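I would like to see how this sequence folds:
(one chain, ligands or ions: 1)
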Amino acid sequence: MGSTVLRVSDVQAPLPLPDPMPRVGRIALRPWESSDAGFLAGAGSDDHLRRFISGWPSPYSFSIAEDWIAGQDEARRWRERLDLAVMDPVSGRLLGAVGLTGFEDAHRRAELGYWTAPDARRRGVATRAAPLLARWAFDVLGLERLQLLIEPVNMGSVRVAEAIGAVQEGLLRDHSLIAGQRRDVLIYGLLPDELVG
Ligand SMILES: CC(C)(COP(=O)(O)OP(=O)(O)OC[C@H]1O[C@@H](n2cnc3c(N)ncnc32)[C@H](O)[C@@H]1OP(=O)(O)O)[C@@H](O)C(=O)NCCC(=O)NCCS
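Residues are numbered from 1 along each chain as shown. All right, here's what the predicted structure looks like:
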C-alpha cells in the first residue's frame, strides 16, 4: 500500500468567516453573495483596478464573477484565500473588497489586499475596511504578521498601507506579473501592535 503525502493544508482547518462580521460606522464586511456578480463584473472591468491587481481574467464577465463567488467556500476550505465584500450597512451599497491570501501557516503570516469600486474611491473606504480584516486576522486567526505588496506608483494603495500602520520594508524587484508585465513591488509589513484603525 502506497504512503499518503499530506500537504500542510490537509492538516489545517478551513479558514473561518468572521463572526460577527466586523464593522465600523458606515463600513461593514460581509461574505460575497451570488447577487454581487454584477458589482464584481463592473469592478473587474475597471482599468485602474486591473492595472494594479493581478489575476483578473480579461474580459471579466458576469459568469466569471458568479463562478468566483461560488468558489469562495472551496478557497477557504483549502486556506487559499478569504475574500469579503465591503459595504455600507445603512444603504446596503457595495463599496469594495478586502481579502487575505498567501497564507504561510508555519510562519503565522498572510498577505492583505483591498480594492475600492471606482465610484466609492477617495472617501476613506479602504483605510477603514482594511483594518477591520487585519484586526480579526491577528485576534482570531492568530496571525502575527501581515504583508502588503504594492507597486511604488500605486500612490493610493501606499497611502492606505501607511495610514493603517504598515511599515515599508523594501523593494522586491520584478516580483509580480501584473497586466502582462513584470513589476517591482514595495513590501510593507504590518505587526499586530502597529495596526491603526
Ligand atoms: C488603492 C485603493 C484601494 C484606495 O482605495 P480608497 O478607498 O480610495 O482609499 P482611501 O479613500 O481610504 O484613501 C486613502 C488615502 O489615499 C489617498 N488616495 C486614494 N487614491 C489615491 C490616488 N489614486 N492617488 C493618490 N492618493 C490617493 C486618499 O486621498 C487618502 O489620502 P488621505 O489619507 O490623505 O486622506 C483604490 O484606489 C483601488 O481600488 N485601486 C485599485 C486596486 C488597488 O490598487 N488595490 C491595491 C493593490 S496593492
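
CA atoms for contacts and neighbours, from now on please.
OK.

which parts of the protein sit against the ligand?
By the rule C-alpha under 6 Å from any ligand atom, the part of the chain lying against the ligand is 48-49, 52-53, 114-116, 121-127, 149-150, 155-157, 159-160.

Inside strands: which ones of the residues you listed?
If you go by DSSP state E, the residues of the chain next to the ligand have 114, 115, 116, 149, 150 in strands.

so can I have a markdown table of those residues showing neighbour count?
Listed next are these as a markdown table, based on neighbours: other C-alpha atoms under 10 Å:
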| residue | neighbour count |
| --- | --- |
| 114 | 22 |
| 115 | 22 |
| 116 | 22 |
| 149 | 22 |
| 150 | 25 |
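
In the helix or strand that contains residue 41, which residues are buried?
Using DSSP states H and E, residue 41 sits within helix 37-43. By 16 or more other C-alpha atoms under 10 Å, the buried positions in helix 37-43 come out as 37, 39, 40, 41, 43.

would you list every one of the helices in the chain?
Secondary structure of the chain, counting by DSSP state H: helices at 37-43, 47-52, 62-70, 72-77, 125-139, 155-163.

Enumerate the positions of the fourth one that are buried.
Right, helix 72-77. Within helix 72-77, the residues that qualify as buried by neighbour count (16+ other C-alpha under 10 Å) are 72, 73, 75, 76, 77.

residues making contact with that helix?
Contacts to helix 72-77, defined as C-alpha atoms under 8 Å, 6 or more residues apart in numbering, come from residues 13, 14, 15, 16, 32, 81, 82, 83.

Mind doing that once more with 6 Å?
Contacts to helix 72-77, defined as C-alpha atoms under 6 Å, 6 or more residues apart in numbering, come from residues 14, 15, 81, 82.

show me the contacts for the first one.
Read that as residue 14. 76, 77, 79.

switch to 8 Å and redo it
76, 77, 78, 79.

Could you report the distance from residue 49 to residue 165?
23 Å (C-alpha to C-alpha, to the nearest Å).

Between those two, which is the more surrounded one?
For residue 49 versus residue 165, neighbours defined as other C-alpha atoms under 10 Å are more numerous around residue 165 (19 against 16).
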